[in-house]
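Peer 1: no FASTA, just this:
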């Protein structure tokens, strides 16, 4: 695999934003489709990059996936507690799936978390239907943390997010 994982560059924000938005749309992860208010967040890579570390997977100079790594809480953290990093918005373009790109992105986040002073683990949220992502997390040693499952939109009962953690 000749995939390189590195920090996103400003000229790649739009590309990664579209990959992220299209992945969520194509995989049926947004309750309101093209009208979902979360689409704006998914496309706003500049905002994420200002508040956390956004990493991209690049193949032949082309962005094919990305992830947001929150090393120490901060404004992008939804679930991480003290001493925990968080992984958010893991995506791989449909055409690049099945090549280990998602796993490489998660492994890079795990390595970054282990290298972060005081970091004792990683937390993440995932939707119930993200079965491929669940397999990656479990293969890398993450465990389900059902006591940390949550709903980002309490008035919509069907958006329960599953939680996974990895302790070091």
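Peer 2: Structure's in. What do you need? Every value quoted in this text rests on a predicted model; they were computed, and no experiment measured them. Numbers count the residues shown, from 1 in each chain.
Peer 1: Report the contact partners of the closest residue to residue 92 other than its chain neighbours.
Peer 2: Nearest residue to residue 92 in three dimensions, chain neighbours excluded: residue 65, at 3.9 Å (Cβ to Cβ, 6 or more residues apart in numbering). For the C-beta atoms, the positions are set from N, CA and C on the backbone; glycine is no exception. Residue 65 makes contact with 19, 56, 57, 90, 91, 92, 93, 96, 101, 102, 105, according to Cβ atoms under 8 Å, 6 or more residues apart in numbering.
Peer 1: Helix, strand or coil: sort out residue 74 for me.
Peer 2: Of the three states, residue 74 takes coil under DSSP: H, G, I helix; E, B strand; the rest coil.
Peer 1: what about this structure, any weak spots by pLDDT?
Peer 2: By pLDDT under 70, the weakly predicted segments of the chain are 1, 153-159.
Peer 1: Going along the chain, name the strands of it.
Peer 2: With strands called from DSSP state E, the chain shows them at 4-7, 53-59, 62-70, 84-92, 121-127, 143-144, 161-167.
Peer 1: so which of those strands gets nearest residue 38?
Peer 2: Nearest to residue 38, of all the strands of the chain, is strand 84-92, at 10.3 Å by Cβ to Cβ.
Peer 1: Run through who's touching the closest one.
Peer 2: By Cβ under 8 Å, 6+ apart, the list of residues contacting strand 84-92 reads 19-20, 23-24, 42, 48, 52, 57, 64-73, 76-80, 101-102, 105-106, 109, 112-113, 116, 119-125, 133, 165.
Peer 1: go again using 6 Å as the cut-off
Peer 2: The contact list for strand 84-92 (Cβ atoms under 6 Å, 6 or more residues apart in numbering) reads 19-20, 23, 65-68, 70-71, 77, 79-80, 101-102, 109, 113, 119, 121-124.
Peer 1: Kindly supply the PyMOL command isolating those of these that are buried.
Peer 2: Command for PyMOL that selects the buried part of these, burial taken from 16 or more other Cβ atoms under 10 Å:
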select buried, resi 19+20+23+65+66+67+68+70+71+77+79+80+101+102+109+113+119+121+122+123+124
